[in-house]
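>>> Model the following, please.
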Amino acid sequence: MTMTTGRPSAPAPERLRITADEFVALRRGLPELPLGPALDLDWIPGLAASDRVERRYDAIARLRRSGLVSNASVRYDAAGDADLGGVLTARGAAWWSVAADPWVTVEVTAWDRSAVRHGWYAVRGPMLVGLVRESVVAVAPVGGPGLTAPVAIDLEPVEMTIADAGNLATLVEELWPAVPVAHDAEPGADPARVRRPGRTPDPVVVDLVDGVAFLRALATGDAAVVDEVMAQAGWTRFPEVLRGLEGGVVGGLDLTVVSRPGGDERRTTGHWVLGTRGWRGLQVRVPSAVPGGARRRQPRHRQETGSHADRVRQLADQSQVRVTAHTPKTIHRTLAIGVTHALEDQGA
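Have a look, this model is predicted:
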């Protein structure tokens, strides 16, 4: 799906793939980068100091060959990390200048039951830079004999991007491939079998805690909690928009767009999950202030003790989640609108 903005076509993005070691050396050598937790990689815990030194030297040598770091002497701090700020090439400095002080940042996490993909994009004026890393989901032994759990295994390489942000499609097309392809919850099922209703289901609004409990109960088959939440929410029939989430969701997409017009941060978020009847959007509404007064009697799925839990629960009690039906086209439109507004804030 390609989107145009009426502006001249921008040059094709320049992509560079680097290893995880190279990225860690770059990340620790340029600590000003405002990356989110998903991209805040570090050396493997427990790695011997001698191995870390050797891998760091090898990584910097490869960064030189890739044209990001010059052949100038590299200084090291007391922790043994390289100070790369003064030895970047023109190519590396161009990437860093946008990444370290962006006007707009876009973070995407897209996942299904086999992989997780993280994207981070920064825009400053006419330039866009980005990072993408991917993890596969595997089952690994944990604890005692016969116990397993899903774990994320990082894939190499990490992809760096330099592009022209003058054409909005450049940015949107970086995001859209990260959206998982719709598929049935059954293992090995044909994507074409995903069921879609004949009409768009009506949205529902439910208290946040009730909504979370309801989705968990659908995933685990806890009929008692399902009935309890339906009674609490006043639903006489099972909401059509929540059908297809039985057995859990099979994919999801989280988007955060942050712009800083005039120094004031503006944040736009989007959350979508994929069930067997298509995409559902989750919009959380959190009050700016929590009113006082008596709290209602708590259902079984809300019971918790402790002063901190009381404060958190008080805020959650006043929060709501709105669930709406979506298609890939409407998600694409939401992505485009959010990014367009962010870029317009800066006049990009």
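
>>> count of residues packed around Thr89?
Thr89 is flanked by 17 other residues according to other CB atoms under 10 Å. Where C-beta positions appear, they are placed from N, C-alpha and C, glycine not excepted.

>>> Now it: closest residue in space, sequence neighbours ignored.
In space, Thr89 comes closest to Ser70 once its chain neighbours are excluded; the distance is 5.0 Å by CB to CB, 6 or more residues apart in numbering.

>>> so what's that neighbour up against?
By CB atoms under 8 Å, 6 or more residues apart in numbering, the residues touching Ser70 are Arg64, Val87, Leu88, Thr89.

>>> What values do phi and psi take at the last one?
Torsion angles at Thr89 (phi, psi; degrees, to the nearest 10) stand at phi -80, psi 180.

>>> Need the per-residue pLDDT for Val205.
pLDDT, Val205: 88.

>>> Surely it and Thr324 touch.
No. Taking contacts as CB atoms under 8 Å, Val205 lies outside contact range of Thr324: 9.7 Å.

>>> neighbour-wise, which of those two wins?
Neighbour totals were compared for Val205 and Thr324, and Thr324 leads with 18 against 13 (other CB under 10 Å).

>>> does Gly80 count as helix, strand or coil?
Three-state call for Gly80 (DSSP: H, G, I helix; E, B strand; the rest coil): coil.

>>> Please name the nearest non-neighbouring residue to it.
Spatial nearest neighbour of Gly80, excluding adjacent residues (CB to CB, 6+ apart): Val53 at 6.4 Å.

>>> Pretty sure the one you found sits against Ala79.
No. Assessed by CB under 8 Å, Val53 is found out of contact with Ala79, at 11.3 Å.

>>> all strands in the stretch 201-348 of the chain, in order from the N-terminus.
204-207, 251-259, 266-275, 278-285, 320-326 (DSSP state E, counting those that start in this stretch).

>>> Among these, which comes closest to Pro31?
Smallest distance to Pro31 across the strands of the stretch 201-348 of the chain (CB to CB): 19.6 Å, for strand 251-259.

>>> What is the closest one packed up against?
strand 104-112, strand 266-275, helix 328-346 (3 or more CB pairs under 8 Å, 6 or more residues apart in numbering; DSSP states H and E).

>>> and the second one, how far out from the chain's middle?
So that's strand 266-275. Distance, stretch centre to chain centre, for strand 266-275: 9 Å (CA atoms, centre = their mean, to the nearest Å).

>>> relative orientation of that strand and strand 320-326 in degrees?
60 degrees (axes from the mean of the first three to the mean of the last three CA atoms, to 10 degrees).

>>> List the contacts of the residue nearest the centre of the chain.
The centre of the chain sits closest to Thr109, judged by CA atoms, centre = their mean, with a distance of 2.4 Å. The contact partners of Thr109, taken as CB under 8 Å, 6+ apart, are Ala38, Val116, Arg117, His118, Gly119, Gly252, Leu253, Asp254.
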